[in-house]
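Asks: Dropping a prediction and its sequence here:
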Amino acid sequence: MAGLRRKGIARMAKVASIPAMLMAQRVAATGRGLLSGAERGSITEEMLDAAADQVFAVLGELKGGAMKLGQALSVAEAAVPPRFADHFREALTRLQQEAPPMPVADTHRMLDLQLGTAWRKRFLHFEDQPVAAASIGQVHRAVWHDGREVAVKVQYPEAEESLRADLKMLQMVSGAFNTLLAGTNARQLIEEFLARTDDELDYRIEAAYQRRFAMAFAGDPQFFIPRVVAAAPKVLVSEWMDGVPLSRIIANGARPERNRTGLLLAEFALCSPSRVGLLHCDPHPGNFQLRPDNRLGIIDFGACASTPNGIPRAVGRLARCALTEDYVGMEQVLREEGFVKPGAPIEIPPLQRRITPILTQINGHDFHFTRAFLQEEVARSLEPENISLINARAMRAPADRPEYAMLGRVLGGVVGICAQLDAEGPFIALAEKWIPGFVDSESAAS
């Protein structure tokens, strides 16, 4: 028990070191800037450049909640200023796929506890060295007793304690991540992770979600979901899936591969709420692969949200109003859905300043997601004259409609990945196909 307590204290110290690193770099950079007469902007860039490696190294080393936050933030990588985009890309790609493995003895002990001491009889072969390590567990390649190749996800022995402790500590220092990735609401992400902790720690819940997705997409020509073979609270066995990780496509994929992957990723996010009644809520590149048959393979269903009614029709109505620049109709929908406090006015100019540049990127049904586009969007969202749109006294998130916040975060993650892919294609047509109210223009005025 004392050992666990010492480990917990050490983890807290490392998490707490993140804002300290940023502060130290700021002080050092400011001192150099004062001596050299450098501009304020160059000081900030220098501080970020020097701090990034240290911060993300800590996230990857700790796994648990720290690494989970790093993976979630990775989708915002495309919005990082060009000067140090490569620097962030490398650090975040490592976070998506790498973490120090647990000792083999610990892996065997967990399998003993979860599958029984005769667990080896269930496998024809089991590889002791993991092929992937993530935030709360690692994956081993194996062959099931019937000859099927399988992926065996084994949870780290202290995952529950470290995950909860990390997330609570990260709540306290979440402002540090907004310094690194402007426009990122790290605190909201952490609160979502805390709310879903119990679900993610019990692999039986993940297995139930995965079975629903696998059943809904069985035989689908575009998507592949590995079937669940066996599940225990801390061990999950699924069919093995071969494919090219999205991180590799982002790094050096050919143009057709980039476009297809982006379109598949967007369609999966848009169609799942109605086809499955669930939303896959962990959109980072490590959870997707492009298979040899050109289908998109999806893994990791620990974070899912129930969508029994699919995507709310109001989302389509708002999107249609934005495309037609119908700000009167947009205000009507916002008020009907409770996004505006009763009687409070809405400022139209900030809406126009945010929407008009997006419309210029649309060519018929096609849209081109680029890093430059996302960087400009983040910059616009932080301009003083547009802040009122984000933090206006009139605006609020409906407390009784949590699906809006989750859907917004997932679609924001998809946009971030598509920008990393530099994907171009008929994204507007996908929205028309899968978002209720998008095509029916009369619904926007009803």
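Replies: Happy to help now that I have it.
Asks: can you list contacts of stretch 267-281?
Replies: By Cβ atoms under 8 Å, 6 or more residues apart in numbering, the list of residues contacting stretch 267-281 from outside reads 192, 196, 209, 212-213, 216-217, 222-223, 283, 287, 296, 298, 301, 303-308, 310-311, 403, 406-407, 409-411, 414, 430-431, 433-435. All C-beta spots, glycine's among them, are computed from the backbone N, C-alpha and C.
Asks: of the residues you listed, buried ones?
Replies: Among the contacts of stretch 267-281, those classed as buried by 16 or more other Cβ atoms under 10 Å are 192, 196, 209, 212-213, 216-217, 223, 283, 287, 296, 298, 301, 303-305, 307, 310-311, 403, 406-407, 409-411, 414, 430-431, 434-435.
Asks: Among those, which are located in helices?
Replies: Those of those mapping onto helices are 192, 209, 212-213, 216, 403, 406-407, 409-411, 414, 430-431, 434, per DSSP state H.
Asks: Mind pulling up the pLDDT for residue 9?
Replies: The predicted structure scores residue 9 at 47 on the pLDDT scale.
Asks: Now do stretch 335-352, average pLDDT.
Replies: Mean pLDDT, taken over the full extent of stretch 335-352, equals 81.
Asks: Buried residues, it. List them.
Replies: Of the residues in stretch 335-352, those buried by neighbour count under the rule 16+ other Cβ under 10 Å are 335, 337-340, 346, 350-351.
Asks: swap in stretch 149-159?
Replies: Here stretch 149-159 shows 150-159 as buried, counting by 16+ other Cβ under 10 Å.
Asks: closest to residue 422 among those residues?
Replies: Distances from the buried residues of stretch 149-159 to residue 422 were compared by Cβ to Cβ; the smallest belongs to residue 151, at 29.8 Å.
Asks: Okay, now the unreliable bits of the stretch 51-200 of the chain?
Replies: The model of the stretch 51-200 of the chain has pLDDT under 70 over residues 51-100, 164, 166-198.
Asks: Assumed residue 135 was part of a helix.
Replies: No: inclusion of residue 135 in a helix is not indicated when DSSP: H, G, I helix; E, B strand; the rest coil is applied; the result is coil.
Asks: Tell me which residues touch residue 206, please.
Replies: Counting by Cβ under 8 Å, 6+ apart, residue 206 touches 199-200, 231, 236, 300-302.
Asks: how about the residues you listed in JSON lines, adding distance to residue 264?
Replies: What follows is the contacts of residue 206, written out as JSON lines (distance: Cβ to Cβ, whole Å):
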{"residue": "199", "distance to residue 264": "26"}
{"residue": "200", "distance to residue 264": "25"}
{"residue": "231", "distance to residue 264": "27"}
{"residue": "236", "distance to residue 264": "24"}
{"residue": "300", "distance to residue 264": "17"}
{"residue": "301", "distance to residue 264": "17"}
{"residue": "302", "distance to residue 264": "21"}
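Asks: Now for the buried residues of stretch 335-352: which two are most distant?
Replies: Spatially, the most separated pair among these is 338 and 350, at 19.7 Å (Cβ to Cβ).
Asks: State whether residue 150 is indeed within a helix.
Replies: No: Residue 150 is assigned strand when assessed by three-state DSSP, not a helix.
Asks: what sits opposite it in the beta ladder?
Replies: With DSSP bridges as the criterion, residue 150 is bridged to residue 142, residue 239.
Asks: Among the ones in helices among the buried ones among the contacts of stretch 267-281, show me the least confident.
Replies: residue 192 (69).
Asks: the strands in the stretch 151-300 of the chain, which residues?
Replies: 223-224, 228-231, 235-239, 244-245, 278-280, 288-290, 296-298 (DSSP state E, counting those that start in this stretch).
Asks: Apologies, that question was intended for the stretch 301-446 of the chain.
Replies: With DSSP E, counting those that start in this stretch applied, the stretch 301-446 of the chain shows strands at 304-306, 362-363, 366-368, 424-425, listed in chain order.
Asks: Looking at these, which is nearest to residue 246?
Replies: It's strand 424-425; of those, that one is closest to residue 246 (Cβ to Cβ) at 16.0 Å.
Asks: What strands flank that closest one, and is each parallel or antiparallel?
Replies: Using DSSP bridges, strand 424-425 pairs in its sheet with strand 366-368 (antiparallel).
Asks: buried set for the partner strand?
Replies: For strand 366-368, burial by neighbour count (16+ other Cβ under 10 Å) applies to 367-368.
Asks: Which residues does it contact?
Replies: Strand 366-368 is touched from outside by 361, 422-428, with contacts defined as Cβ under 8 Å, 6+ apart.
Asks: rerun at 7 Å
Replies: Taking contacts as Cβ atoms under 7 Å, 6 or more residues apart in numbering, the residues outside strand 366-368 that touch it are 361, 424-428.
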